[in-house]
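S.K.: Sequence first, predicted coordinates after that:
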Amino acid sequence: MNYPDFKSVIVLFFFFIPVFSSVHGQDLEPFLDGKPKHTLGVSGTFNPRFVFERSPGLPVDIIYRRFNSNNQAFRARIGGAYSKISEESGIYYDREWNSNLGLGLGYEWHHEINDRFSWYYGGELGVTYYWLDQNQARSWIVQGIPVVRKNFTTKRTSEFTCKGLVGVNFQLNSRFLLTLEQSVFLSRQDYESSDVGELVPIDPSVEITLSSGSGSLSAIYTRALFQTSLGIQINIF
């Protein structure tokens with residue numbers, strides 16, 4: 001599937017921010033008393049990766065928003081995930097350390113629905129770094145003889161994203177808001193992988209010529225992905 005040129009998307013993103021600001025900032029009634037407000041919150045993010053493949057635990061983001069009197073908000077995000085998986089079965093094992101760290105900057109336009117609800121839309125540019133280490137020992141057969149296949153794999157990925165988002169806020173009280181957000185993003189990934197492996201006889205007395213070796217892979221590719229996040233924000237001042 002062919003996606004739009006990534007640089008063109010970024011240029012359009014920055015071009016339309018002032019346009020939307022001037023068009024929508026004129027007719028909104030401030031739902032935060034018309035005063036600048038600062039909120040800080042935490043949210044958990046879900047996407048198809050966490051259903052169909054083994055991956056880090058639920059990503060958690062810390063999001064800061066600064067509202068102005070036109071119900072627009074600057075947003076800054078930092079977040080990530082970490083997981084350690086270890087499966088042992090006698091001489092065989094599968095150990096994995098999987099984590100990521102992401103940063104994002106964006107802008108939002110908020111609209112009041114009633115005293116409790118408001119909805120918003122916006123955009124964000126971000127970068128995420130992923131790292132994965134795998135250490136495995138698995139059953140294998142060579143020339144009819146059972147052996148242990150050992151592999152150590154490292155994967156490193158830098159991802160640059162351009163995200164569009166829409167969400168709903170629910171005002172719990174004067175200080176707390178619940179937020180449900182749906183986003184879709186286009187990303188460009190720089191992927192690097194290296195692998196070192198060897199074959200070890202289960203029975204040391206067996207005379208057999210075994211092999212060991214290493215390899216590496218580098219690639220650049222794009223993808224589009226939907227994400228859903230649920231979080232809570234608090235008015236800090």
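M.R.: That came in fine, so what should we check first? Residues are numbered from 1 along each chain as shown.

S.K.: Can you list the low-confidence ranges for the chain?
M.R.: Applying pLDDT under 70 to the chain flags residues 1-36, 47-57, 207-211.

S.K.: what are the ranges of the helices in it?
M.R.: Secondary structure of the chain (DSSP state H): helices at 6-24, 49-52.

S.K.: Count residues in the vicinity of Ser105, would you?
M.R.: To be clear, residue 105 is Leu; Ser isn't right here. Neighbours of Leu105 under the rule other Cβ atoms under 10 Å: 13. Any C-beta I mention is one placed from the backbone N, CA and C, and that applies to glycine too.

S.K.: Kindly state the beta-bridge partners for the nearest residue to Val206 once chain neighbours are set aside.
M.R.: Closest residue in space to Val206, ignoring its immediate chain neighbours: Ile145 at 5.9 Å, by Cβ to Cβ, 6 or more residues apart in numbering. When bridges are called by DSSP bridges, Ile145 pairs up with Val142.

S.K.: Kindly report the same for Glu181.
M.R.: Here Glu181, judged by DSSP bridges, has bridge partners Gly167, Ser229.

S.K.: what number of residues lie near it?
M.R.: 22.

S.K.: Would you confirm that it contacts Val166?
M.R.: Yes: counting by Cβ atoms under 8 Å, Val166 is a contact partner of Glu181 at 7.3 Å.

S.K.: which residues do those two both contact?
M.R.: The overlap between the contact sets of Glu181 and Val166 (Cβ atoms under 8 Å, 6 or more residues apart in numbering) is empty.

S.K.: neighbours around the residue nearest to Val206, how many?
M.R.: Neighbours around Ile145, by other Cβ under 10 Å: 15.

S.K.: And Leu180, by the same measure?
M.R.: Residues near Leu180, counting by other Cβ under 10 Å, number 15.

S.K.: Distance-wise, check the residue nearest to it when sequence neighbours are not counted relative to Glu87.
M.R.: Setting aside the residues directly before and after it, Leu180 is nearest to Val168 in space (Cβ to Cβ, 6+ apart), at 5.1 Å. Distance of Val168 to Glu87, given as Cβ to Cβ, to the nearest Å: 40 Å.

S.K.: Between the two, point out the one with more neighbours.
M.R.: Val168 (15 against 10).

S.K.: before we move on, the earlier item: test my guess that the residue nearest to Leu180 contacts Trp119.
M.R.: Yes: using Cβ under 8 Å, Val168 is in contact with Trp119, at 5.1 Å.

S.K.: export stretch 163-183 as PDB, just CAs?
M.R.: Extracted C-alpha coordinates of stretch 163-183, given in PDB (Å, rounded to 0.1, in the frame of the first residue of the first chain):
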ATOM      1  CA  LYS A 163      -1.100  11.700  14.200                       C
ATOM      2  CA  GLY A 164      -4.700  12.900  13.800                       C
ATOM      3  CA  LEU A 165      -6.900  12.500  16.900                       C
ATOM      4  CA  VAL A 166     -10.500  13.000  18.100                       C
ATOM      5  CA  GLY A 167     -11.700  12.600  21.700                       C
ATOM      6  CA  VAL A 168     -14.400  13.200  24.300                       C
ATOM      7  CA  ASN A 169     -13.900  14.700  27.800                       C
ATOM      8  CA  PHE A 170     -16.200  14.000  30.700                       C
ATOM      9  CA  GLN A 171     -16.000  16.500  33.600                       C
ATOM     10  CA  LEU A 172     -16.100  14.500  36.900                       C
ATOM     11  CA  ASN A 173     -15.800  17.600  39.000                       C
ATOM     12  CA  SER A 174     -14.100  20.900  39.000                       C
ATOM     13  CA  ARG A 175     -10.600  19.300  39.000                       C
ATOM     14  CA  PHE A 176     -10.900  15.900  37.200                       C
ATOM     15  CA  LEU A 177     -11.800  14.900  33.600                       C
ATOM     16  CA  LEU A 178     -12.100  11.500  32.000                       C
ATOM     17  CA  THR A 179     -10.800  11.400  28.400                       C
ATOM     18  CA  LEU A 180     -11.500   8.900  25.700                       C
ATOM     19  CA  GLU A 181      -9.400   9.400  22.600                       C
ATOM     20  CA  GLN A 182      -9.200   7.800  19.100                       C
ATOM     21  CA  SER A 183      -6.300   8.500  16.900                       C
END
